[in-house]
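K.L.:
Build the 3D model from these lines:
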Amino acid sequence: MGFFLFPVVYIFLIWSTVIKRGQYSEAFSVTPVILKVSFILFWIWAAGFAVQVILYILQRILMEQCRRKAVPVTEEISDMSDDIRERLGVRKKVQIFLDKRIDSPVVFREFRPVILLPEKFKDYPTKYIKISLLHEMLHLKYHDLLTKQAIQWLERIHWWNPCIYLLAKDINIWAEIHCDEAADDYSGDEFSCYDYFNLLYENAAEKKVRLSKVDMGLFERKKEVKARMRRFRWKKERKSCGVGLGLVSALIFTALSAGTAYAAGEGLLQAYGKLVENTEVFLEEDPQIRELEEEIFMPDEIEPGVKIVEMIDETSMLRDTVVLEWRVAVDTWNMTGQFSKKAGEEIRVSVNISPDDKEARVGIIEPDGVRRAVSGSGMVSHAFKVNKSGMHRVYIQNMSNVPAEVVGYYTK
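P.N.:
So this is what the prediction gives:
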């Protein structure tokens, strides 16, 4: 999933770990390589995205230049266009022009639509002009330009992803095939299927010049026209396969997709777990982070006036690792919900306390209520050996005279 959402994921990481808190969260202090690599990839992506946007602007300029240099159509073609527009129920006023620089009819601009016809079309039979106008008007009726604009912006955002280009190509072909089928329904006695595809095939032999990636054109290459003809013939001859078969196919596809997504998620989880384990070694060897001496407090050893707050807004980073993002008030200790641990296991707590010159007590609460804790400021990391099997909690007590921001994690 990250492959498709990379820019969004990176911006979210920066917002949640740097901008929002003014510092890297503990999760990425433990694995800084993730943000470093993401930072490099982000700027590579941003450069590619900027190029794509510049090309889009240039294409729009080219389209407008073509429109300004094109010549108006004859009154006969204009009347023909209005008649087709009214028959299809297209409410927008459509401008029609002739342009000698193009070989294929094209439509662009969804909200102030323009159709450009090749200049040679003024000498074509009326039925061929009607075919071209009908096809382009159908794109407007079904809002294909909006769909194409949306997929083109996805292409610009995911310019590095080959899958998005295949998707865009398929969507463009589907839009053309849909208009082919609709043109047959709206043709009446004005032209036949043979006339329609004969026009497409004859013009497909000529060199195709497209204004940009955001217009919709009637003619394609011969290979694509043949595919559209095969699809049209299949539609004419097909028999209904039934709703049941469609539902079964959808369920099978959904099950396969869910299995693939689950397997990919499990693989990513295991890979990230390995990364955390490897980089944790470096944190433990950092001379600034030292193992602190544990203090033991009996259940009745609670300072007067101290408030105890149970936190419920915990976020699992991995299956057994929980992120802490707490604000601990003065004379307060925050504690997690209960979780089960067996004797001999380990509970590791690693947090960053801000302000970094203020002291806090970081510890665990055992099943019998005994508290074991270490005290420190700034970065505090400690592994508590579990002495008794049962339900445990992690707690953090603010020992300073100002509220403390605590960001980190613990293993359960």
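
K.L.:
Strands along the stretch 151-300 of the chain, start to end?
P.N.:
With DSSP state E, counting those that start in this stretch applied, the stretch 151-300 of the chain shows strands at 216-217, 295-297, listed in chain order.

K.L.:
which stretch in the ones you listed has the least confidence?
P.N.:
When the strands of the stretch 151-300 of the chain are compared by mean pLDDT, strand 216-217 comes last with a mean of 56.

K.L.:
And for residue 130, nearest residue in space, chain neighbours not counted?
P.N.:
residue 190 (5.8 Å; CB to CB, 6 or more residues apart in numbering). Every C-beta, even on glycine, is put in place using the N, C-alpha and C of the backbone.

K.L.:
List phi and psi for the one you found.
P.N.:
phi -80, psi -30 (degrees, to the nearest 10).

K.L.:
Quick check: the gap between it and residue 48.
P.N.:
47 Å (CB to CB, to the nearest Å).

K.L.:
Residue 292 too?
P.N.:
48 Å.

K.L.:
Residue 320 now?
P.N.:
From residue 320 to residue 48 the distance is 38 Å (CB to CB).

K.L.:
likewise residue 139?
P.N.:
29 Å.

K.L.:
With neighbour numbers in mind, choose between those two.
P.N.:
The neighbour comparison of residue 139 against residue 48 (other CB atoms under 10 Å) goes to residue 139, with 28 against 15.

K.L.:
What are the boundaries of the helices in the stretch 151-300 of the chain?
P.N.:
162-186, 193-204, 222-237, 243-285 (DSSP state H, counting those that start in this stretch).

K.L.:
In terms of mean pLDDT, which of these ranks lowest?
P.N.:
When I compare the helices of the stretch 151-300 of the chain, helix 243-285 is least confident, with a mean of 63.

K.L.:
Can you report phi and psi for residue 192?
P.N.:
Residue 192 has phi and psi values of phi -100, psi 170 when expressed as degrees, to the nearest 10.

K.L.:
Report the contact partners of it.
P.N.:
By CB atoms under 8 Å, 6 or more residues apart in numbering, the contact set of residue 192 is empty.

K.L.:
For the residue located most distally from the centre of the chain, give me the pLDDT.
P.N.:
No residue in the chain sits farther from the centre than residue 300, which is 52.3 Å out by CA atoms, centre = their mean. The model reports residue 300 with a pLDDT of 85.

K.L.:
Repeat that for residue 10.
P.N.:
61.

K.L.:
now residue 145
P.N.:
Value listed for residue 145 in the pLDDT field: 88.

K.L.:
Tell me which helix or strand it sits in.
P.N.:
Assigned by DSSP states H and E, residue 145 falls within helix 144-157.

K.L.:
tell me which residues of that helix are tucked away?
P.N.:
Neighbour-count burial for helix 144-157 flags 144-145, 147-148, 151-152, 155-157 (criterion: 16 or more other CB atoms under 10 Å).

K.L.:
Check the gap between residue 377 and residue 398 for me.
P.N.:
Counting by CB to CB, the gap from residue 377 to residue 398 is 11 Å.

K.L.:
list residues touching both of the two?
P.N.:
Jointly contacting residue 377 and residue 398 under the rule CB under 8 Å, 6+ apart are 358, 360.

K.L.:
between those two, who's got more neighbours?
P.N.:
residue 398 (25 against 16).

K.L.:
wait, isn't the more buried one in contact with residue 309?
P.N.:
No. Counting by CB atoms under 8 Å, residue 398 does not reach residue 309; the two are 10.6 Å apart.

K.L.:
Let me see the domain layout of this protein.
P.N.:
1-69, 70-220, 295-411 (automatic domain parsing).

K.L.:
wait, isn't residue 384 in contact with residue 341?
P.N.:
No. Counting by CB under 8 Å, residue 384 sits too far from residue 341 to count as a contact (9.4 Å).

K.L.:
intersection of neighbour lists for those two?
P.N.:
residue 347.

K.L.:
what's residue 71 in contact with, if anything?
P.N.:
Here residue 71 is in contact with 97-99, 119 (CB under 8 Å, 6+ apart).

K.L.:
what about the nearest residue to residue 193 once chain neighbours are set aside, neighbour count?
P.N.:
The shortest distance from residue 193 to any residue other than its chain neighbours is 6.0 Å, reached at residue 184 (CB to CB, 6+ apart). Each residue near residue 184 was counted by other CB under 10 Å, and the total is 15.
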